[in-house]
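Trainee: here are the coordinates; sequence isn't available:
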């Protein structure tokens, strides 16, 4: 099955311009085209796009994703390096999650504090 750029973009929840950008930046390689020049995304292309989106959405830079793609092209001899790259990225994501959880806890504490203050204020207003 083939996907046009419009369908591929919809399936990935991106715009067609983003797909063109990813292709220009070397993240999506060898996208086939019809005789009239229309891009034809394969299931394998869609799998790569899913990985690219995952890495991008978890904070990996375009340059790092391009490096990962370039390593992948080189074949199995780069498997160790790709694993190391993903392990380092995973550790970065986990650290950001830990930091965000700390911020979330602080926000939750403030919500509880202001809710309590508001309740006390409302009770005072009601008793007047």
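Mentor: Yes, it's here. This one's a predicted model, so the numbers in the text were calculated from it and none came from an experiment.

Trainee: contacts only, for residue 22.
Mentor: Remark: with contacts taken as Cβ atoms under 8 Å, 6 or more residues apart in numbering, residue 22 is in contact with 28, 49, 52. Where you see a C-beta, it was placed from the backbone N, CA and C, and this is true even at glycine.

Trainee: what about those residues, which are in strands?
Mentor: When those are checked against strands using DSSP state E, none is located there.

Trainee: from those, pick the one nearest residue 114.
Mentor: Closest approach between the contacts of residue 22 and residue 114, by Cβ to Cβ: residue 52, at 41.0 Å.

Trainee: so that closest one sits against residue 28, correct?
Mentor: Yes: Residue 52 lies in contact with residue 28 (Cβ atoms under 8 Å); the separation is 7.2 Å.

Trainee: tell me the pLDDT of residue 124.
Mentor: At residue 124 the predicted local distance difference test score is 78.

Trainee: how close does it get to residue 104?
Mentor: As judged by Cβ to Cβ, to the nearest Å, residue 124 and residue 104 stand 31 Å apart.

Trainee: same thing with residue 22?
Mentor: Distance of residue 22 to residue 104, given as Cβ to Cβ: 31 Å.

Trainee: show me where the protein has its strands.
Mentor: 32-33, 39-40.

Trainee: circling back: most neighbours among the contacts of residue 22, which one?
Mentor: When neighbours are taken as other Cβ atoms under 10 Å, the top entry among the contacts of residue 22 is residue 52 (24 neighbours).

Trainee: contact partners for it?
Mentor: Residue 52 is in contact with 22, 27-28, 65, 69, counting by Cβ under 8 Å, 6+ apart.

Trainee: any idea which of those residues is closest to residue 117?
Mentor: Of all the contacts of residue 52, residue 117 sits closest to residue 65, with 46.3 Å by Cβ to Cβ.

Trainee: neighbours around that closest one, how many?
Mentor: Applying other Cβ under 10 Å, we find 22 residues neighbouring residue 65.
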